Structures are given as C-alpha cells and as structure tokens.
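Engineer: Give me coordinates for this.
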Amino acid sequence: MGVYEDLQRRGLIAQTTDEEQIRQLVNSGKAVFYIGFDPTADSLHVGHFMALCLMKRLQMAGNKPIALLGGGTGLIGDPTGKTDMRKMLTKEDIMHNCECFKKQMSRFIDFSDGKALIVNNADWLLDLNYIELLREVGACFSVNRMLTAECYKMRMERGLSFLEFNYMIMQSYDFYSLFKKYGCNLQFGGDDQWSNMLGGTELIRRKLGKDSYAMTINLLLNSEGKKMGKTEKGAVWLDPEKTSPYEFFQYWRNVGDTEVIKCLKMLTFIPIEEIESMEKWEGSELNKAKEILAYELTKQVHGEEEATKALNTAKSLFSARTNSDDMPSSEISGTDMSDGKIGLIDLLYLIELVPSKAEARRLIKQNGISVDDVKITDEKAEITVGSFEEKGYIVIKKGKKVFHKVSFKA
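Structural biologist: Predicted coordinates for the structure are as follows:
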C-alpha cells in the first residue's frame, strides 16, 4: 500500500485536482509539496498539527516538504472561515512568530541535508511592484469567479475589505513563486482553502504553461461540525508554556466517543490496520482508545517522557478521586436498560444526580458531565453494559466536585 492509499484509508483526502497524477507523485516520492502557515500567533496550535503530521507522512515516503511561512500574507489576513477581519499584526510581531514556528516545526520535519525547506513569502511578496503585479498577475484572475469562492461569500455579508480580497492572489502567487524557485509541483491545505489553491494551479498554467496540482485534506471537526482544537481557555497550543503537556494530554483524553477513531486515523502513526480493528470497541475499550490517542499525540508534540508523565498523572488523579470510600453510589441492573443500554440523561435522573432530565440536558450541553474522566458533550450519549466491564462500575462527575459511582448488577 502506497502513502496515497494510506491517506485515503485514514480519511484525510478531501479534494484533488488530478487524483491519478497526485497518487503517482507521492507514491513514487517525487512530490515537492508545500503547506502554508500564517504566523498569526507565537505558537503553532492543533489546527496546524494535522498539516505537520501530513508533511511528516509524505516525507517518510521520500517526498520533499516545503513549509511556507506567511511573513507577507500575514500582513493582509486570510478571510477563509472568518466572519470578521483579522487583527492587523506588525512586521516585528510576524517575524517573531515565524521564528517560533521554525523551532516547533523541527520537532516534526527533518530539515537536514535539503530534505525539507522553510521559506518565507515575505521574500518575494514585500518587493512586488503594484503596477507590475496588476499587469502580470491581476490579469489572470476573474473577479466574478473569485466572488463565487466560499471564503469570500461568507465575508461578503459582513463586509469584505479590498485588503482581504487580495489574499487569493497572494496565495496563488506563492505557489507560482515556489514552482519557479524550487520546482514545487503540489500544494496541500485544508478543505476550506480549495479556491485559493485552484487559483495557484491556474496561475502556473497561464503564466508558465506547466501543470501543477493541489489536494485538500479534511478538516478535523467534532460531532457538531466545529473545528477541533479549542477549549474554554482558547486554542490548544503546541507550545508547552501556553498549553502544558498534561493539558494537551487531557484534551485528547476527553474527545467524544464519535471522534476518537477519526483522530487516531488522522493524527497518529499507528498502522491503519490496528486502528481499524478498534472501530468495534465500546464502553471501557473506547476509554482505552482515548488513552492511546492522548499518549501518542503528547509523545509526538512533547516527547515520550512528558507523555508518560501526563499519563501517570491522569491515572493517579483519577484513582485518588474514584477510590474514595465515602463516594455516593448507586446500582443499576439490566432491567433499567433497553437492549443493554441506557441514555446518559435517563441514567443521571435515575440515580438522582439531577432533579430533572432538563437539568441533565443542560449540564451536558455546558460540559458539566464526565463519565470515567471523559467529558460528555452529546446529549444523546448512552451507557452500555460494556461500559462496566473493566471495573464493574463507572464514575460520573458532575461539575468539578460531585462524584458518583454507578455499579451494574446483571
């Protein structure tokens, strides 16, 4: 199985300009590809993490990655997926952020001996002559066609500045410049970047008469369709000073039941066959899968020592809470279930942890309920007989301080 087929089985591939050509390029190790990173903060975050994992997978297959830092485009701001204009950063802020990105990227990508490159689009964008740009590049773009792009349609309702309108042209020019300077023949990006990426392939075709390719990867979304990687505190960062290794571990340990297998496929380097064998796991087995996910990702970002410390800390804290002799407890039986399962809302009401099912629903919506240290955000979540197999009981946490042990009697 080639790397392209592995990406398919992991559910990463969204759209391609020429599937067969891209398959041949990456499977033969002949792709020189780039992914762009706009330096809007002084640390990479979980949103960048999947792109770094993709770069690493492709580099391991012999392809050459180019990490493009947006020192130039960062001065404008990408309207993609945004309802408001981004805060304008100074050149000094952007250069500082670029340096921070370089250090973090080296944990994932091998930049030795020309195996990969880090380049900054400020090197060519900041010296562009406006009149020349209009004549040489602007003439290749149709405004009517640009306005059909999803990233612009979303912003048109609230107001799209001319500054942001230029972003597609800038990103297209990046691909054009990388093609000429480094032989870059392929661009990867999130599925929300599709229109900008097509602009680049079209500019290369019109200016140079050459073929280039683009492929988007599926965004990492939760069950509500929102991008993963945010908590109540904000973004989940890769910098340990902004998000500690333990907090990073706990974020992944607490993903929803419906997300854990998807995250294992998209973000870890565990063989796909092993992950596919986990797809039938339920109850306590799913908690084990979440533990594997959290450990593997923490190890990738912070190293094995920090991952092991986070795992041990999580286990000791949970053990200290759940071994308390005076913890309130309840027992349920098969008669309380239907087909071996009971809705979490019904269970909370049954054991009198809430005064009403409406209150149970409110707590779940507000992230106030955890089962065996896993935050539950789906009000349709169910507890199955399998949930009790590992210990004979589960521990439900309400808020920050209320713990309740629920045992099952067949």
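Engineer: drop to CA atoms for contacts and neighbour counts, all remaining ones
Structural biologist: Noted.
Engineer: can you give me the helices for the stretch 301-410 of the chain?
Structural biologist: 304-322, 344-350, 357-365 (DSSP state H, counting those that start in this stretch).
Engineer: just the ones you listed: most buried one?
Structural biologist: When those are scored by mean count of other C-alpha atoms under 10 Å, the highest mean neighbour count falls to helix 344-350 (a mean of 20).
Engineer: what does it rub up against?
Structural biologist: Outside of helix 344-350, the residues within contact range by C-alpha atoms under 8 Å, 6 or more residues apart in numbering are 354, 355, 356, 357, 360, 361, 379, 380, 381, 382, 383.
Engineer: same thing with stretch 23-41?
Structural biologist: So stretch 23-41 is in contact with 2-4, 48, 51, 58, 61-71, 73-74, 89, 94, 97-98, 101, 183-189, going by C-alpha under 8 Å, 6+ apart.
Engineer: 7 Å - rerun?
Structural biologist: 2-4, 58, 61-71, 74, 94, 97-98, 183-189 (C-alpha atoms under 7 Å, 6 or more residues apart in numbering).
Engineer: Could you identify the buried members of the residues you listed?
Structural biologist: For the contacts of stretch 23-41, a neighbour count by 16 or more other C-alpha atoms under 10 Å gives the buried set as 3-4, 58, 61-71, 74, 94, 97-98, 184-189.
Engineer: Quick one, grab the pLDDT at residue 349.
Structural biologist: pLDDT, residue 349: 91.
Engineer: and it, how far is that from residue 338?
Structural biologist: Note on residue 349: its distance to residue 338, by C-alpha to C-alpha, to the nearest Å, is 16 Å.
Engineer: quick one: low-confidence ranges for the chain?
Structural biologist: Where the chain drops to pLDDT under 70, the residues are 76-88, 142-144, 146-165, 223, 230-233, 317-327, 401.
Engineer: The top strand by length along the chain - which strands sit beside it in the sheet, and in what orientation?
Structural biologist: For the chain, the strand with the greatest residue count under DSSP state E is strand 402-409. Strand pairing for strand 402-409, using DSSP bridges, gives strand 329-333 (parallel), strand 393-398 (antiparallel).
Engineer: Which strand or helix spans the closest residue to residue 257 other than its chain neighbours?
Structural biologist: Spatial nearest neighbour of residue 257, chain neighbours left out: residue 286 (6.8 Å); criterion: C-alpha to C-alpha, 6 or more residues apart in numbering. Element membership for residue 286 (DSSP states H and E) is helix 284-302.
Engineer: before we move on, the earlier item: the contacts of helix 344-350 into TSV, with extra columns for distance to residue 200?
Structural biologist: Output for the contacts of helix 344-350, formatted as TSV (distance: C-alpha to C-alpha, whole Å):
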residue	distance to residue 200
354	56
355	58
356	56
357	53
360	50
361	47
379	43
380	44
381	44
382	47
383	49
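Engineer: Select from those residues the one having the most neighbours.
Structural biologist: In terms of neighbours by other C-alpha atoms under 10 Å, the contacts of helix 344-350 top out with residue 360 at 23 neighbours.
Engineer: My guess is that one contacts residue 353. True?
Structural biologist: No: Residue 360 is not in contact with residue 353 according to C-alpha atoms under 7 Å; the separation is 8.5 Å.
Engineer: just the helices in the stretch 101-250 of the chain please.
Structural biologist: Taking DSSP H, counting those that start in this stretch to define them, one finds helices in the stretch 101-250 of the chain at 122-125, 130-136, 143-146, 150-156, 162-165, 167-182, 194-208, 245-253.
Engineer: which of those sits most buried?
Structural biologist: The most buried one of the helices of the stretch 101-250 of the chain (mean count of other C-alpha under 10 Å) is helix 245-253, showing a mean of 22.
Engineer: what about residue 213, how many residues close to it?
Structural biologist: Per other C-alpha under 10 Å, the neighbour tally for residue 213 reads 24.
Engineer: and it, how far is that from residue 128?
Structural biologist: 25 Å.
Engineer: Ok, residue 245 next?
Structural biologist: 42 Å.
Engineer: now do residue 212
Structural biologist: Relative to residue 128, and taking C-alpha to C-alpha, residue 212 is found at 23 Å.
Engineer: When the two are compared, which one has more neighbours?
Structural biologist: The residue with more neighbours, out of residue 212 and residue 128, is residue 212; 24 against 11, by other C-alpha under 10 Å.
Engineer: Which residues are in contact with the closest residue to the more buried one other than its chain neighbours?
Structural biologist: Once flanking residues are discounted, residue 212 sits nearest to residue 185: 5.0 Å by C-alpha to C-alpha, 6+ apart. Shown in contact with residue 185 (C-alpha under 7 Å, 6+ apart): 31, 32, 33, 179, 212, 213.
Engineer: residues near the first one, how many?
Structural biologist: Pointing back at residue 31 there. Around residue 31 there are 25 residues (other C-alpha under 10 Å).
Engineer: coming back round to it: nearest to residue 299, of the helices of the stretch 101-250 of the chain?
Structural biologist: helix 245-253 (9.2 Å; C-alpha to C-alpha).
Engineer: ok so, going back, from the contacts of residue 185, which is closest to residue 313?
Structural biologist: Closest approach to residue 313 among the contacts of residue 185 (C-alpha to C-alpha): residue 33, at 39.6 Å.
Engineer: what are the phi and psi angles of residue 372?
Structural biologist: Residue 372 adopts backbone torsions of phi 50, psi 50, taken as degrees, to the nearest 10.
Engineer: Distance of the nearest residue to it once chain neighbours are set aside relative to residue 170?
Structural biologist: Nearest non-adjacent residue to residue 372, counting by C-alpha to C-alpha, 6+ apart: residue 395, 5.1 Å away. Distance of residue 395 to residue 170, given as C-alpha to C-alpha: 53 Å.
Engineer: Check residue 305 too.
Structural biologist: 42 Å.
Engineer: Residue 250 now?
Structural biologist: Residue 250 is 38 Å from residue 170, by C-alpha to C-alpha.
Engineer: now residue 307
Structural biologist: Applying C-alpha to C-alpha, the value for residue 307 to residue 170 is 39 Å.
Engineer: And residue 290, by the same measure?
Structural biologist: 40 Å.
Engineer: try residue 139
Structural biologist: Taking C-alpha to C-alpha, one finds residue 139 at 14 Å from residue 170.
Engineer: do the same with residue 228
Structural biologist: 27 Å.
Engineer: And for residue 31?
Structural biologist: Taking C-alpha to C-alpha, one finds residue 31 at 23 Å from residue 170.
Engineer: and if you look at residue 19?
Structural biologist: For residue 19 relative to residue 170 (C-alpha to C-alpha), the value is 25 Å.
Engineer: Thank you kindly, that will do.
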